[in-house]
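K.L.:
How does the following fold in three dimensions:
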Amino acid sequence: MEINSAFSSGVNGLNNASQQMTESSQRIANPTSQNTAQNVMPEAPTANSYVSGPITAEVINMKLAEVQAQASVKVIMTADEMVGSLIDVSV
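P.N.:
Now for the predicted structure:
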């Protein structure tokens, strides 16, 4: 695995989580929207199948986005540590 691909994966995950957070917060702010089930994170289970209230489902989706962001940050930090270790070894 290349370090650049680890950075890219982390950044992509962070961007996806940010987008999901934005979409969920917009659906909470505008509850008349009819597409609460279409714009959820495809790789994660959605809250819509477990709860009946659309606001509750969006809050759960926001929590899922938060967890995804935290995992993505850990990937970025690990890739950064790997680069630091490689630089220490080569010097």
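
K.L.:
List the residues that contact the residue nearest the centre of the chain.
P.N.:
Geometric centre of the chain, nearest residue: residue 17, 2.6 Å, by C-alpha atoms, centre = their mean. Contact analysis of residue 17 by C-beta atoms under 8 Å, 6 or more residues apart in numbering lists 65-66, 68-69, 72. No exception for glycine: its C-beta is placed from N, CA and C like everyone else's.

K.L.:
While we're on it, how confident is the model there?
P.N.:
For residue 17, the model assigns a pLDDT of 97.

K.L.:
ok, now the one 3 residues further on?
P.N.:
Here, the pLDDT recorded for residue 20 equals 97.

K.L.:
ok, and it, which helix or strand is that part of?
P.N.:
In this structure, residue 20 sits in helix 3-29 according to DSSP states H and E.

K.L.:
buried sites along that helix?
P.N.:
Using 16 or more other C-beta atoms under 10 Å as the test for burial, helix 3-29 gives 6-7, 10, 13-14, 16-17, 20-21, 23-24, 27-28.

K.L.:
now stretch 77-90
P.N.:
For stretch 77-90, the neighbour count (16+ other C-beta under 10 Å) marks residue 79 as buried.

K.L.:
now that stretch: how far from the chain's centre is it?
P.N.:
25 Å (C-alpha atoms, centre = their mean, to the nearest Å).

K.L.:
distance of the residue nearest to the centre of the chain from residue 24?
P.N.:
According to C-beta to C-beta, to the nearest Å, residue 17 and residue 24 sit 11 Å apart.

K.L.:
Many thanks, have a good one.
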